[in-house]
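Q: Okay, here's the prediction I keep looking at, along with the sequence it came from:
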Amino acid sequence: MSIIKRFTIRSKLAKCESLSSYLTRAAGTNGRDIVGLLEMVKRNEDYLLHSGDLKRMDFFPASMLNIDKLCEMTGLTRVDVNRSSFTNLIRTFTDSENGEQSKVLKGMLREDLHYCPECIANTNSISLHWKLKGVDVCTEHNKQLMNKCGHCHCSVLYQDIRVINRCPYCSGYLSKVKDSREIIDQSNVKQQAWLIENWKHLIEYTGRSFTPSEIAIKMVYILNGQQEKYNKELIRKSRYSGCLEYLIQCARGTLSKKCAVHITALFSVLYAANLHVRDFLELNVPEGFIHSLHEKSIGEIAAGTACIAPWCERYGVRGELISTGIFHTKKGGKSLSYCMFCPSCGCEYALDEDNHLVERSYFIKAYEILLNRNISKLKWPERIKVMGLKRGRIQRVLAYFQIRDVLELDGIKKPVINEELLEKFVQELDKGIDLAKIRFSKEWVNYDQFLVHRYHPLVVQALFKSYTKPKTQDSDPIFRANINNTCMKLLERDAVINLPAVAKAWGASATTIRNKGCSDIVELYRTKQFEMKRGKVSMKIEQKVTRYLEEHKGERLKMKNLYAATHTDYASLRRYAPHLIKQIKSNKNVLLS
């Protein structure tokens, strides 16, 4: 059994200092190299540590180091080790024992040093939160963090640091530089202060852990305005920066693979809602909201329903009912959800508490009565008793069946349609004018005249269009700029540019990009990329063919030999370099056969 030698000189852990910074200082003070020090307390005796492992130290040190040995040698406590690394944060957002495999900070940690010279001069330490991408300002001095050595102007890799406050490449003092940094705008400082404060809270948080689903549920609840019932339309308007579909699936636990919600998505939601991460961790989501969130698969149930009006052309045809956009209502004191209507007959439907299809209108009930009963000679009190409907509803029923010739209503006159009023009715609906406003127009002789026009098939179709008309979100200049920058980076990397690729690269859904009117940007860069590729191929072919012709100048050449030597063919020449075909044909030494 190896005996752990305690440090003869023990340093104190500075405020916000990273574990790697502390151990680098401690190793130097005791005349050791940081890698040699870690070899003494490594977890796997068969593994030989190297400089590349240093970046793992601040992420989840327990995966590579024996923490008990480390504490015995340095005098640190486990609390010190955890708050000088991202251990607490990872345990908070990861429901797995293998913390090193956590993806909650994926792509968030820098490999090169960003620092404040004044802070290093004061503390001779490197802050843990400087490692985080997005932390770009020292809020204590209101200045941008430096990302290069002020002497040799090289980026300083963390794995190369052996002495705090010294550049590993030129040995210049990082704290002793001519500071030309501008003072940061206060609005930027405020945002950075919020960000750093929230990071620090998570780094030191030692409360309970949350599953990815629990985190996602809390985020959806905040996007929902912390309302009791899940409202899909409200969440869509929240301008969530990530992929909303992914977040909802994570909240419901329906993802095919177990995944974590990225920390940047969480911070985006909290900052927009003006919430501290402390409030988020303490937030209790009502059971009613969680229940309604899982109920949203009700949309799939609704998609499998069909019109049940016997006279309808789409009777029994599943998937033909259209959502009205109303998700919660009541009828007769009973709760209904997912309101729909049939674009063919105009009947309105919803799902009851048992997810069974029920009619919200009353035409089917009236149809069954009127098939067997003539009410034309009955007075209104008798009609109300027979039909079980109020007078206004009976008026609507009669108007509906009169205009459609579905029933033979003896003793009731055929309605007269005013073509001008009908055309105006349809036009006003197309303009988005509310049905109630049209109802009280002074042009109607009486309510019955309005009704026979209201239930005319052309008006029903116009209402159908108003329900299904796409509702595009407002233009977002910041979002457009982000999509433009994403496309530009994909173009520079020569990566595929299309809606799915851009959506994946930015972290939004293709639907969001389309709804926010940014698909034109994607198409512009896609065309630009195509033209650039075409230009490169054209130039490459032209160079090969020209070189071949020059090398065999004056010789009798066959086209098949030219194609073989230049790895091209007639179709490629015609597509990318048609001018070369004319040049070849004009050359008498080239045999085209």
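A: Done, it's in. Quick caveat, the model's predicted, so the values are computed rather than measured.

Q: Which residue lies nearest the spatial centre of the chain?
A: Taking Cα atoms, centre = their mean, the centroid of the chain lies closest to residue 243, which sits 1.7 Å from it.

Q: Now do the contacts for that one.
A: Going by Cβ atoms under 8 Å, 6 or more residues apart in numbering, residue 243 touches 503, 507-509, 512. No exception for glycine: its C-beta is placed from N, CA and C like everyone else's.

Q: Over to it: give its phi and psi.
A: Here is the backbone geometry of residue 243 (degrees, to the nearest 10): phi -80, psi 110.

Q: For it, report the pLDDT, please.
A: Among the per-residue scores, residue 243 holds a pLDDT of 78.

Q: repeat for residue 589
A: In the prediction, the pLDDT value recorded for residue 589 is 63.

Q: Now the residue lying closest to residue 328 once chain neighbours are set aside: which helix or strand?
A: The shortest distance from residue 328 to any non-neighbouring residue, by Cβ to Cβ, 6 or more residues apart in numbering, is to residue 337 (5.6 Å). Using DSSP states H and E, residue 337 sits within strand 334-341.

Q: For the stretch 401-550 of the chain, which segments count as helices?
A: Listed in chain order, the helices of the stretch 401-550 of the chain (DSSP state H, counting those that start in this stretch) span 419-430, 435-439, 447-454, 457-468, 477-492, 499-506, 510-515, 519-551.

Q: now the stretch 201-350 of the chain
A: Going by DSSP H, counting those that start in this stretch, the stretch 201-350 of the chain shows helices at 212-223, 232-236, 244-252, 263-272, 277-282, 287-294, 298-303.

Q: what's the spacing between the shortest one and its chain's center?
A: What it means is helix 232-236. 13 Å (Cα atoms, centre = their mean, to the nearest Å).

Q: what's the answer for the first one, then?
A: Centroid separation for helix 212-223 versus its chain: 14 Å, with Cα atoms, centre = their mean.

Q: any idea of the mean pLDDT for that helix?
A: What helix 212-223 shows for mean pLDDT is 91.

Q: Check which helices and strands that helix is in contact with.
A: helix 232-236, helix 244-252, helix 263-272, helix 287-294 (3 or more Cβ pairs under 8 Å, 6 or more residues apart in numbering; DSSP states H and E).

Q: try 7 Å
A: helix 244-252, helix 263-272, helix 287-294 (3 or more Cβ pairs under 7 Å, 6 or more residues apart in numbering; DSSP states H and E).

Q: List the buried residues for the last one?
A: Going by neighbour count (16 or more other Cβ atoms under 10 Å), the buried part of helix 287-294 is 289-290, 292-293.

Q: cool, the first one as well?
A: For helix 244-252, a neighbour-count test (16+ other Cβ under 10 Å) marks 244, 246-252 as buried.

Q: Give me the contacts around that helix.
A: With Cβ atoms under 7 Å, 6 or more residues apart in numbering as the test, helix 244-252 has contacts from 212-213, 216-217, 219-220, 235, 240, 255, 259, 261, 293-294, 509, 512.

Q: Could I have the CA atoms of stretch 48-68 written out in PDB?
A: Only the C-alpha atoms of stretch 48-68 are listed here, as PDB (Å, rounded to 0.1, in the frame of the first residue of the first chain):
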ATOM      1  CA  LEU A  48      -0.800   6.700 -17.200                       C
ATOM      2  CA  LEU A  49      -1.900  10.300 -16.900                       C
ATOM      3  CA  HIS A  50      -0.800  13.000 -19.400                       C
ATOM      4  CA  SER A  51      -1.300  16.700 -20.100                       C
ATOM      5  CA  GLY A  52      -4.500  16.000 -22.100                       C
ATOM      6  CA  ASP A  53      -6.200  14.700 -18.900                       C
ATOM      7  CA  LEU A  54      -5.900  18.100 -17.200                       C
ATOM      8  CA  LYS A  55      -9.000  19.400 -18.800                       C
ATOM      9  CA  ARG A  56     -11.000  16.500 -17.200                       C
ATOM     10  CA  MET A  57     -10.000  17.700 -13.700                       C
ATOM     11  CA  ASP A  58     -12.400  20.600 -13.500                       C
ATOM     12  CA  PHE A  59     -15.300  18.800 -15.100                       C
ATOM     13  CA  PHE A  60     -15.800  15.800 -12.900                       C
ATOM     14  CA  PRO A  61     -12.600  15.000 -10.900                       C
ATOM     15  CA  ALA A  62     -14.000  11.900  -9.200                       C
ATOM     16  CA  SER A  63     -13.800  10.100 -12.600                       C
ATOM     17  CA  MET A  64     -10.000  10.300 -12.700                       C
ATOM     18  CA  LEU A  65      -8.800  11.000  -9.100                       C
ATOM     19  CA  ASN A  66      -9.100   9.300  -5.800                       C
ATOM     20  CA  ILE A  67     -10.800  12.200  -3.900                       C
ATOM     21  CA  ASP A  68      -9.900  10.700  -0.500                       C
END
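
Q: Okay, buried residues for it please.
A: Quick answer for stretch 48-68 (16+ other Cβ under 10 Å): 49, 53-62, 64-67.

Q: So which of these are in helices?
A: Secondary structure defined by DSSP state H assigns 54-57, 67 of the buried residues of stretch 48-68 to helices.

Q: now these in TSV, with distance to residue 79 and pLDDT?
A: Formatted as TSV, those follow (distance: Cβ to Cβ, whole Å; pLDDT from 0 to 100):
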residue	distance to residue 79	pLDDT
54	22	82
55	23	78
56	20	81
57	17	86
67	11	90
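
Q: returning to that earlier point: look up the pLDDT of the residue nearest to residue 328 for me, please.
A: So residue 337 comes in at 83 (pLDDT).

Q: list the contacts for it?
A: Residues in contact with residue 337 (Cβ under 7 Å, 6+ apart) are 298, 327-328, 350-351.
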